[in-house]
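J.: Sequence and predicted structure below; questions after.
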Amino acid sequence: MALSRSSDLLELNALGAPPPARYIAQFRCKGLVRTGEGDIIEANCFVVGIWFPPDYLRHAEPAQILTWFAPLNVFHPNINAPFICVGRISPGTTLVDILFQIFEILTYNKVTPREDDALNKDACAWARRNIARFPVDKRPLKRRALALNVD
């Protein structure tokens, strides 16, 4: 929750009684969506569900932990709603680490345009042709501390 408080781009909501096992993360960063006409445009609101199962410290299955909620027309090689692939998640990976991984994917700071490793092959091919456009959002997820000395 501290990351959410120190971010202009993330709103994190815990669901259920403490300690929570379910979260809704809303990212207000630039990412890409495909319109009904097929155009690739920027969007700025993305929602992901995160669930830590009871055996999370022993076993971590990304498809079980992460669920893509919105928008359904998100456009990234690692996302095909309701699935999002952030790569390997080791048992016990922290919520903060997962949030940073999702953010890097949404903003195209993390993209590997290989069709053999993509959930969305069209987005993968498009990303390879448009790599000069990335990242689409260069802002940091966590607000940087500013130390000012005034004399």
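T.: Now that the structure is in, tell me what you want to look at.

J.: residues near the closest residue in space to Pro53 that isn't next to it in sequence, how many?
T.: Distance criterion CB to CB, 6 or more residues apart in numbering; nearest residue to Pro53, sequence neighbours excluded, is Gln64 at 6.3 Å. C-betas here are computed from N, CA, C, even on glycine. A count of nearby residues for Gln64, using other CB atoms under 10 Å, gives 13.

J.: What's the first helix or strand after the longest helix anywhere in the chain?
T.: Ranked by number of residues, the top helix in the chain under DSSP state H is helix 95-106. As assigned by DSSP states H and E, the chain's next helix or strand after helix 95-106 is helix 121-129.

J.: residues contacting the most centrally placed residue in the chain?
T.: The chain has Ile102 as the residue nearest its centroid, 2.2 Å off, counting by CA atoms, centre = their mean. Shown in contact with Ile102 (CB atoms under 8 Å, 6 or more residues apart in numbering): Ala25, Phe27, Val48, Leu66, Ile84, Val86.

J.: these two touch, right, the third one and Phe69?
T.: To tie it back to what came earlier, the one meant is Val48. Yes - counting by CB atoms under 8 Å, Val48 does reach Phe69; the two are 6.3 Å apart.

J.: which residues do the two both contact?
T.: Ile24.

J.: Looking at the two now, which is surrounded by more residues?
T.: Per other CB under 10 Å, whichever of Val48 and Phe69 has more neighbours is Val48, with 25 against 16.

J.: The more buried one: helix or strand, and which one exactly?
T.: strand 46-51.

J.: Phi and psi next, for the residue nearest to Pro53.
T.: phi -90, psi -30 (degrees, to the nearest 10).

J.: okay, now Ala2: neighbour count?
T.: By other CB under 10 Å, neighbour count at Ala2 equals 9.

J.: what about it, distance to Ala123?
T.: Distance, Ala2 to Ala123, using CB to CB, to the nearest Å: 32 Å.

J.: got it, and Pro113?
T.: Taking CB to CB, one finds Pro113 at 9 Å from Ala123.
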